[in-house]
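1. Okay, predicted coordinates and the sequence, questions at the end:
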Amino acid sequence: MSVIGLGAMPMSVAGHMPDEDQSIRTILAALDAGVTLIDTADAYTPSHDDVGHNERLVARALARWDGDAATVLVATKGGHTRTPGGGWEVDGRPSYLKQACDRSLKALGVERIGLYQHHRPDPKVPYEETIGALKDLYDAGKIEMAGISNADPAQIRLAHDILGDRLVSVQNQYSPRFRSSEPEVDVCAELGLAFLPWSPLGGITRGGELNERAAFTEIAAARGVSPQQVCLAWELARSPVVIPIPGASRPETILDSVGAATLELTSEELARLG
């Protein structure tokens, strides 16, 4: 797996999404640059009546790629739902998660999902019941690996107890402006799980905030790279288990992000970044 993944969400968010041709060119550029992890979700859609929009987009891009699609891990998520008006809800019922997985299998055009992640805990459903559904999906041969998202340390440990080595990853928000997931990074390192920071650059509308952080911009200028590349390199240096999945909707953006994989920051630079 590459140390930088592609977060495909910006390609399907109303108000920000590019046309399909640009989205596919972005995915193809990532694949050609060596990215082997693409993160999507059934809820990444411009409207509630087009569930699976982003998954279908990823599937079309992979079908056009000249490389070996078997080398690419497509990670998708279920358990987050969309409502009329652009809202978000959660549904952690085992029956719903299994239904969502079947829908994602169809959208992605695969017989088995490489990495299937529970998107967000549902306070109305005991967490162990939701995670039990992931185990059932694995045992049924519908997913190759399981992951969880937006989980706290106790939930990570509970999921690990239930799933064992079926659980391979945790996807939580983490960036210079959102560091409250530090404990989750440490638990992942302890348990040998990959930690996939979502919105590693601050989010769709906040990536430019890095330009306002002096240490990031100064180090970037000295290195001749973008502040965004410095940010991703800073996250990679946090722990060997960290695999950032920056969102992108233009080829130039993901190609810049990929450069972080070979940008090694010094101990002095890391100290300045905090």
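-> Arrived safely, thanks for sending. Residues are numbered from 1 along each chain as shown.

2. end-to-end on stretch 66-81?
-> One end of stretch 66-81 to the other measures 33 Å (Cα to Cα, to the nearest Å).

3. Buried residues in that stretch, which are they?
-> In terms of neighbour count (16 or more other Cβ atoms under 10 Å), stretch 66-81 has its buried residues at 72, 73, 74, 75, 76, 77, 78, 79, 80, 81. In this view, the C-beta of every residue, glycine as well, is placed from N, C-alpha and C.

4. which residue packs closest to the first one, ignoring adjacent ones?
-> In this structure, residue 72 finds its nearest non-sequential neighbour in residue 36, 5.3 Å apart by Cβ to Cβ, 6 or more residues apart in numbering.

5. what's the answer for the last one, then?
-> Leaving out its chain neighbours, the residue that sits closest to residue 81 by Cβ to Cβ, 6+ apart is residue 89, at 4.7 Å.

6. Let's verify that neighbour: helix, strand, or coil?
-> The three-state assignment at residue 89 reads strand, by DSSP: H, G, I helix; E, B strand; the rest coil.

7. unless I'm mixing things up, it is touching residue 79, no?
-> No. Using Cβ atoms under 8 Å as the test, residue 89 is too far from residue 79 to be in contact (10.0 Å).

8. picking that back up, next one: the residue nearest to residue 81 from residue 50, what distance?
-> For residue 89, the distance to residue 50 (Cβ to Cβ, to the nearest Å) stands at 16 Å.

9. what's the spacing between the residue nearest to residue 81 and residue 111?
-> Taken as Cβ to Cβ, the span from residue 89 to residue 111 is 29 Å.

10. which of these two has more neighbours?
-> Neighbour totals were compared for residue 89 and residue 111, and residue 89 leads with 12 against 8 (other Cβ atoms under 10 Å).

11. quick one: contacts for that one?
-> 80, 81, 82, 83 (Cβ atoms under 8 Å, 6 or more residues apart in numbering).

12. wait, isn't residue 107 in contact with residue 57?
-> No. Residue 107 is beyond contact range of residue 57, at 9.4 Å (criterion: Cβ under 8 Å).

13. if we can go back for a sec, out of the contacts of residue 89, flag the one nearest to residue 259.
-> residue 80 (30.9 Å; Cβ to Cβ).

14. That closest one contacts residue 41, correct?
-> Yes. Shown here, residue 80 and residue 41 form a contact pair, counting by Cβ under 8 Å, at 6.7 Å.

15. Between these two, which contacts overlap?
-> Common neighbours of residue 80 and residue 41 (Cβ under 8 Å, 6+ apart) are residue 119.

16. So residue 133 belongs to a strand, correct?
-> No. Counting by three-state DSSP, residue 133 is not found in a strand; it is helix.

17. Apart from its neighbours in sequence, what residue is nearest it?
-> residue 94 is the one closest to residue 133 (Cβ to Cβ, 6+ apart), at 3.6 Å.

18. backbone phi and psi for the one you found, please?
-> phi -50, psi -40 (degrees, to the nearest 10).

19. again, but for residue 63
-> phi -70, psi -30.

20. which residues does it contact?
-> Neighbour list for residue 63: 69, 109 [criterion: Cβ under 8 Å, 6+ apart].

21. if I look at it, how far off is residue 27?
-> 11 Å.

22. tell me the contacts of the residue nearest to residue 172 when sequence neighbours are not counted?
-> Leaving aside its chain neighbours, residue 172 sits nearest to residue 181 (4.4 Å; criterion: Cβ to Cβ, 6+ apart). Going by Cβ under 8 Å, 6+ apart, residue 181 touches 172, 173, 174, 195, 197.

23. For the residues you listed, which ChimeraX command selects only the ones that are buried?
-> For the buried members of those, the matching ChimeraX selection, counting by 16+ other Cβ under 10 Å, is:
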select :172,173,174,195,197
